[in-house]
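# sequence unknown, structure follows:
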């Protein structure tokens, strides 16, 4: 699923996308019988018998000072489901023991945590540890689905750990079965946000990642490719670095170069690689490039066929540099330097009066 408008706005402007997701899910549960049926089915996974007519409310504060995200109530207004949602936030001191204590001892009830799929293993271990630390007897885990795990604890209670993806997919299926199509767009907007947050979740570290050296070695080699390509461009006379420095930050390293009047950055950029795919190595034209260069790149981003151009904003334009798989380092450096030279030559031609860019409407081929 491509990024939805709701996901874009929630992650860009909301101080807490989690709160937006909670209220969105609560809105849907309060207005959709199919959504309530699907959510009740998830809370009852593993054979817990819950009423079919639960009602739901969000952010319910009680005398214990905890504030679970969603609670489900029977017709007698007694809570039978306490649900907490997470994207990236850690567990608070109330979780899960204060929430487990809210469940009634005299009827079947469920404690549900809804989280990104990437956090299932790590949070299951911690939550079960805390439940046992609170003197609850917890049964072995049952995996009802790949992203829906449950265990019995206490007196007739069930603990459920489920991914956002599994919850929303179940709601969509129930809505489609019930032909409740008027809310499908709402749930799909929420799916877009949850997929965005799921993709950004911190993945638990594997032991081989901590003991192996392939990843750090490769990252250093990408940085070496940047430096060697910069030296190749300077040595060929195409570029100079006078008054310009190497620079790096969170997830990126590179250096500024100048070719004629065009200043650009060549670097290893994990964020661009993760966000746009294409390549670990990138050219970047930013605030140090002239308005004319940026304008030319923006104008021709849609019709340039020789390379991909990514316009992140009017003053930040990226061009991925293809890295040849299976090649030796000198061959890779030469190929990257040739790509940079081609981009710079096209920019120069587009700015030259003789090229008559306005008449041609594009960077000359």
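On my side now, so go ahead. If you're wondering where the values come from, they're calculated on a predicted model, not measured in any experiment.

# which residue ranges form the strands in the stretch 201-350 of the chain?
Counting by DSSP state E, counting those that start in this stretch, one finds strands in the stretch 201-350 of the chain at the ranges 246-249, 252-259, 262-269, 281-285, 310-313, 316-321.

# Buried residues in stretch 76-87, which are they?
Burial within stretch 76-87, assessed by neighbour count using 16 or more other Cβ atoms under 10 Å, is assigned to 79, 80, 81, 82, 83, 84, 85, 86, 87. For every residue, glycine as well, the C-beta is placed using N, CA and C.

# what is the rounded mean pLDDT of stretch 174-194?
The predicted model assigns stretch 174-194 a mean pLDDT of 87.

# Span of that stretch from start to end?
19 Å (Cα to Cα, to the nearest Å).

# need the contact list for the residue nearest to residue 242 when sequence neighbours are not counted.
Leaving aside its sequence neighbours, residue 242 sits nearest to residue 258 (Cβ to Cβ, 6 or more residues apart in numbering; 7.3 Å). Residues near residue 258 by Cβ atoms under 8 Å, 6 or more residues apart in numbering: 239, 240, 241, 242, 244, 264.

# And the buried ones among those residues, selectable in PyMOL?
Remark: buried members of the contacts of residue 258, expressed as a PyMOL selection using 16+ other Cβ under 10 Å:
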select buried, resi 239+244+264
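
# Name the spans of the stretch 251-365 of the chain whose pLDDT lies under the cut-off.
Low-confidence segments of the stretch 251-365 of the chain (pLDDT under 70): 302-305, 353-365.

# Can you show me the strands along the stretch 51-200 of the chain?
Going by DSSP E, counting those that start in this stretch, the stretch 51-200 of the chain shows strands at 55-58, 70-73, 79-85, 109-115, 142-145, 148-153, 157-163.

# mind putting the ones you listed in CSV, mean pLDDT and distance to residue 183 included?
CSV is the format used below for these (pLDDT from 0 to 100; distance: least, Cβ to Cβ, whole Å):
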stretch, mean pLDDT, distance to residue 183
strand 55-58, 93, 14
strand 70-73, 94, 17
strand 79-85, 94, 19
strand 109-115, 96, 18
strand 142-145, 94, 23
strand 148-153, 96, 22
strand 157-163, 96, 20
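
# and among those strands, the most buried is which?
The highest mean neighbour count among the strands of the stretch 51-200 of the chain, using mean count of other Cβ atoms under 10 Å, belongs to strand 109-115: a mean of 26.

# so that one versus strand 148-153, what angle?
140 degrees (axes from the mean of the first three to the mean of the last three Cα atoms, to 10 degrees).

# ok so, going back, show me which pair in the buried residues of stretch 76-87 is furthest apart.
Largest separation among the buried residues of stretch 76-87 by Cβ to Cβ: 80 and 87, giving 25.4 Å.

# related to what we said a few turns ago, dump the strands of the stretch 51-200 of the chain to a markdown table, plus distance to residue 312.
Listed next are those as a markdown table, based on distance: least, Cβ to Cβ, whole Å:
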| stretch | distance to residue 312 |
| --- | --- |
| strand 55-58 | 35 |
| strand 70-73 | 36 |
| strand 79-85 | 30 |
| strand 109-115 | 30 |
| strand 142-145 | 38 |
| strand 148-153 | 37 |
| strand 157-163 | 30 |
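
# how about low-confidence regions in the stretch 1-150 of the chain?
1-16, 61-66.
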